[in-house]
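# Got a predicted structure here, sequence first:
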Amino acid sequence: MKIEEIRRTHEKRLLRIANVVGVMIGYKVTAGEKTDKLSIICLVEKKVKEKDLKKQDIIPAEIDEELIDVIQVGKLRAFQIDKKTRHRPCPMGTSGGHYLITAGTNGELLRDKRTGKTCIGTNNHVGANSNNAQIGDPYLQPAAYDGGTVQNDTIGHLLRFIPISFGLDQSECAAARFWSGIYNIPARAFGRMTRLQPVVAYPEYNLVDAAMIEVAESDVSSNIVELGVPRGVRQPQLDMLVQKSGRTSCHTIDGVITGIDATLGPIDYGGRYAYFRDQIVISKEGFSAGGDSGSLILDNEGYAVGKLFAGSEEQNITIANSVQTYLDMLDAELITE
């Protein structure tokens, strides 16, 4: 009888033995050295001395003249990953952020077309602190809210971001600055504390909320937790089913694209407001949550279609940039290997 047939014949009995968690065929190991002799191998949680076992729980030395080997492996469990802790190399879909923000998501790996550098792709408000960062600022993994520190958890540095145009930001219009200065002269003369300040009432529409973080290739993985490596880029389509893997709500599926080319605003950035056009709207309650910003959105075949950056207060819609626009404006390409 061949060894494969012997294993199949006896594996149910072997698996009923206490402490046995697996039966397989492999090369016998003697004194720590692999031999060229095939044997039936029992995987056990823990090796126990024979005198401490019940008779029925003693693994035989051989069955049908085939040797049996025993390997201690511990408990078997499905591998899981804590997205809010430190990882090196770090997969995507995990916690990250500029050192002065709370937390966001490391979306995907990008290749900078200008320099060939490897980068983490995320949002401006995650990687560049909503325009308030300097190129070269530290980027943490995990993010500060999840315990990351500049001293111990800096995984990379801000390489590039697309500025967000906010409403009520200070205006650079020369005429507006001139006339507000004129009208402020009487206020100063009379000792008043109030001043006129020119602001942008309705800013230009934004297309993306985007930033990229330069990292060492050895510190990152292109694998997105629960999704794998993205296969490429596709145009979003109405009724397309999509999924994402984010820091907070983890892997969510069956989001439905219910809007494309959407014009939206004002979108609240903690008291500053921005307007966007050419956006994707995904409808599904609980598809995203705070801290998922930066997640890459993929279709069910693993192709990237959008870049998550916002959602509604009711948590029933998620808003994303077109991924191709996001890549074009960053001058980057998606790493798909």
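Great, that's in hand.
# pretty sure Leu241 contacts Asp299?
Yes - under the criterion of CB atoms under 8 Å, Leu241 is in contact with Asp299, at a separation of 6.9 Å. Glycine gets a C-beta too; all of them are placed from N, C-alpha and C.
# More neighbours: which of those two?
Asp299 (18 against 14; other CB atoms under 10 Å).
# residue contacts, that one?
With contact set as CB atoms under 8 Å, 6 or more residues apart in numbering, Asp299 has these partners: Arg234, Met240, Leu241, Val242, Gln243, Val305.
# Make JSON lines out of the residues you listed and add secondary structure, distance to Leu14 and pLDDT.
Formatted as JSON lines, the entries for the contacts of Asp299 read as follows, by DSSP: H, G, I helix; E, B strand; the rest coil; distance: CB to CB, whole Å; pLDDT from 0 to 100:
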{"residue": "Arg234", "secondary structure": "coil", "distance to Leu14": "49", "pLDDT": "97"}
{"residue": "Met240", "secondary structure": "coil", "distance to Leu14": "49", "pLDDT": "97"}
{"residue": "Leu241", "secondary structure": "strand", "distance to Leu14": "44", "pLDDT": "97"}
{"residue": "Val242", "secondary structure": "strand", "distance to Leu14": "45", "pLDDT": "98"}
{"residue": "Gln243", "secondary structure": "strand", "distance to Leu14": "40", "pLDDT": "97"}
{"residue": "Val305", "secondary structure": "strand", "distance to Leu14": "49", "pLDDT": "98"}
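# ok, and the most crowded of those residues?
Busiest of these [other CB under 10 Å] is Val242, holding 26 neighbours.
# Farthest-apart pair in the contacts of Asp299, please.
Taking every pair in the contacts of Asp299 and measuring CB to CB, the maximum separation is 13.2 Å, between Arg234 and Gln243.
# shaky segments in the stretch 151-300 of the chain?
Counting by pLDDT under 70, the ranges of the stretch 151-300 of the chain that qualify are 168-173, 175-185, 187, 189-203.
# same thing but 90
In the predicted model, the stretch 151-300 of the chain carries pLDDT under 90 at residues 167-204, 265-266, 271.
# all helices for the protein, in order.
Using DSSP state H, the helices of the chain run over residues 3-15, 124-127, 150-153, 174-189, 323-330.
# most tightly surrounded among those?
Most buried of the helices of the chain, by mean neighbour count (mean count of other CB atoms under 10 Å): helix 124-127, with a mean of 30.
# Report all helices and strands that that one contacts.
With contacts taken as 3 or more CB pairs under 8 Å, 6 or more residues apart in numbering; DSSP states H and E, helix 124-127 sits against strand 95-98, strand 104-105, strand 154-161, strand 211-215.
# Can you add mean neighbour count and give these back as JSON lines?
Converted to JSON lines, the helices and strands packed on helix 124-127 look like this (neighbours: other CB atoms under 10 Å):
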{"stretch": "strand 95-98", "mean neighbour count": "30"}
{"stretch": "strand 104-105", "mean neighbour count": "30"}
{"stretch": "strand 154-161", "mean neighbour count": "22"}
{"stretch": "strand 211-215", "mean neighbour count": "26"}
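# and the ones you listed as JSON lines, adding distance to Gly291?
Output for the helices and strands packed on helix 124-127, formatted as JSON lines (distance: least, CB to CB, whole Å):
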{"stretch": "strand 95-98", "distance to Gly291": "8"}
{"stretch": "strand 104-105", "distance to Gly291": "6"}
{"stretch": "strand 154-161", "distance to Gly291": "17"}
{"stretch": "strand 211-215", "distance to Gly291": "16"}
